[in-house]
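**Q** I would like the atomic coordinates for the input below:
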Amino acid sequence: MKTLVVLLLAVASIPVSAQEINLADQRSNWSIGVAAFEGRNLSPENVYLTRSFPLLLRERLEAIPEHYFNEAEVRAYRKRIILNERQRLAKAVSADRRARDELFFITDSVQEKEAVYEQRITANLASIRKLRELDPESIAFPRSKPLRFISGADGQLVFDKEVLSPFQLAKQQDLDVLLWGRFEEVQGFLYFEITLFNAILGEPVFTYSDATPPAELYERFDELIVELATVLWGRDWSSLTVQTVPPGASVWVDEVFRGRTPLSIPYLLPGSKEMRVEVPEYQPVLRTIELSPYTEEIQRITLIPQAREALTLDSNPSGAAIYRGSEWLGTTPLSVEKPEELSRFLLRREGYLDFPLYAYPTIEQSVTADLLPESLDPAEIQKRRRDELYRAFGAFALSLPFPLFFGGYRSDYQAVGADISGWTFAYVGTFAVSSSLFVNLVVRVIRYLQAADRKA
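**A** Purely as a prediction, here's the structure:
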């Protein structure tokens, strides 16, 4: 039993060869930190620059969504992946050797345990040798990663530590790159240096220095941001601004939703882009735009409302004025846009009673209103429509038993296998009569409601 356990431990602890291990980058972001600037001989009114200037740099650079790697960076990262794996295996070998040496002070099962450690040490050393021969080009690495700014202690946006060694600070904070610099005041001028240190390459990838009067410091800021953004982005970049009438339109660029107008996208790869702009009740806009490097493309778009289905309003006699609320629309016959929800129109003609007309999305495309002369008493009209409603309801109620009666007999005769053609004809005929009487009832209800509304 002990031998079986030892063998299982040995097999489980032997790592696979470098070709079988998927040595791929496990970091999901490209991290950057910003350190407070060093200040030398600064007057009291300029000391604030050591923190405010790097904070402003971070605020402007946070709009960069990702970093694109160049060939030198990809090679360095692949080599770092191999080196990290070798270091991990080397630590495992050292730990196993210490544990093996400690077995000399143990008397029980020394040989079995020593065999386990020897097998692990041998397997790890073999893996280290294979890693030394592994071609870095065989390791998968992405062309870009999301850019993420790392905060300092207690949530501070910049690191307060003095940068004596950018490599050590980047290693301590687990950063890919570190942005730092210094200010020095000389004879009324501010001399400043800014450095972007790449911890993987082990060298600065950007340096900027200048001297300026304090009042003109921020005039150099935009120029500095452009150069820094180019390094952090890793490619040529373009900006896109979209303005629409009306505002609030949704914008897609290459089928990726970017936001709502007015919209400014500061960093995009130059080239041809497919842009789609949409807003409810307006026709969508599709455009192919060309973005040039280091320029801002401004798209001003006036959206066209979608054409609605027409509704023709007429009256008998024609020439009636049409109102929607207090708005006069014209005289009948008149074509208007079919409403998207229930709407009330009023038809008014001299010598005739006002006619309220209700329109809804599914109404027919043409509606004609029969106007009644003013000589008719509205109360009498309402009474007449009420009587018509009662008669329509009575006729419909009286017709209901017949299809039920013939339908029941039809089912009974069908159950015994008798001829049901006669009963079927009677059932279909009486059902059609009841249906038409129901439609007549609905019409009478609508006419009665119109008469009641007119009286009000």
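**Q** hang on, isn't Arg344 packed against Tyr360?
**A** No. At 10.4 Å, Arg344 does not count as touching Tyr360 under the criterion of Cβ atoms under 8 Å. Backbone N, C-alpha and C define where each C-beta goes, glycine included.
**Q** for this structure, which helix is longest?
**A** helix 421-455 (DSSP state H).
**Q** for that helix, which positions count as buried?
**A** 423, 426-427, 430-431, 434, 437-438, 440-441, 444, 447-448, 450-451, 454 (16 or more other Cβ atoms under 10 Å).
**Q** Which of the residues you listed sits closest to Arg51?
**A** Gln450 (75.4 Å; Cβ to Cβ).
**Q** ok, for the closest one, nearest residue in space, not its chain neighbours?
**A** Pro356 (6.3 Å; Cβ to Cβ, 6 or more residues apart in numbering).
**Q** If I follow the layout properly, the one you found ends up in contact with Arg344?
**A** Yes. Here Pro356 reaches Arg344: they are 6.1 Å apart, a contact under Cβ under 8 Å.
**Q** residues in contact with the spatially closest residue to Ile322 that is not a sequence neighbour?
**A** Spatial nearest neighbour of Ile322, chain neighbours left out: Leu329 (4.6 Å); criterion: Cβ to Cβ, 6+ apart. Applying Cβ atoms under 8 Å, 6 or more residues apart in numbering to Leu329 gives the contacts 322-323, 336, 345.
**Q** Closest to Gln119 out of the buried residues of helix 421-455?
**A** Phe431 (89.3 Å).
**Q** For the closest one, give me the pLDDT.
**A** pLDDT for Phe431: 89.
**Q** Tell me who's in contact with the nearest residue to it once chain neighbours are set aside.
**A** Ranked by Cβ to Cβ, 6+ apart and with sequence neighbours excluded, the top spatial neighbour of Phe431 is Pro403, at 4.2 Å. Shown in contact with Pro403 (Cβ under 8 Å, 6+ apart): 427, 430-431, 434.
**Q** again with Leu61
**A** 32, 149, 225, 228-229, 232.
**Q** out of those residues, which are inside strands?
**A** The strands, defined by DSSP state E, take in 32, 149 from the contacts of Leu61.
**Q** mind checking how far Glu340 is from Ser250?
**A** 20 Å (Cβ to Cβ, to the nearest Å).
**Q** again but with Gly234, I slipped
**A** 29 Å.
**Q** more neighbours, these two?
**A** Gly234 (20 against 17; other Cβ atoms under 10 Å).
**Q** which residues of the stretch 101-250 of the chain fall in strands?
**A** 144-150, 177-186, 189-198, 203-212, 238-245, 250-253 (DSSP state E, counting those that start in this stretch).
**Q** For Gln299, find the nearest of those strands.
**A** That would be strand 238-245 among the strands of the stretch 101-250 of the chain, by Cβ to Cβ, at 4.8 Å.
**Q** What are the buried residues along that closest one?
**A** 238-240, 242, 244.
**Q** Could you do stretch 380-389 as well?
**A** 381-382, 385, 388-389.
**Q** same question, stretch 96-105
**A** 96, 100, 103.
**Q** excluding its backbone neighbours, what's nearest the second one?
**A** Setting aside the residues directly before and after it, Arg100 is nearest to Tyr117 in space (Cβ to Cβ, 6+ apart), at 4.0 Å.
**Q** ok, the one you found to Arg182 distance?
**A** Relative to Arg182, and taking Cβ to Cβ, Tyr117 is found at 52 Å.
**Q** the more surrounded of these two?
**A** Applying other Cβ under 10 Å to Tyr117 and Arg182 shows that Tyr117 carries more neighbours, namely 22 against 17.
**Q** isn't the more buried one right up against Ala99?
**A** Yes. Counting by Cβ under 8 Å, Tyr117 does reach Ala99; the two are 5.9 Å apart.
**Q** Report the contact partners of Arg276.
**A** Here Arg276 is in contact with 251-252, 255, 284-287 (Cβ under 8 Å, 6+ apart).
**Q** correction: Leu346
**A** Contacts of Leu346 by Cβ under 8 Å, 6+ apart are 322-324, 354-357.
**Q** ditto for Ile128
**A** Contacts of Ile128 by Cβ under 8 Å, 6+ apart are 86, 89-90, 93.
**Q** Give me the domain ranges for this protein.
**A** The record's domain parsing of the chain by automatic domain parsing lists 1-29+70-141, 236-302, 308-376, 377-456.
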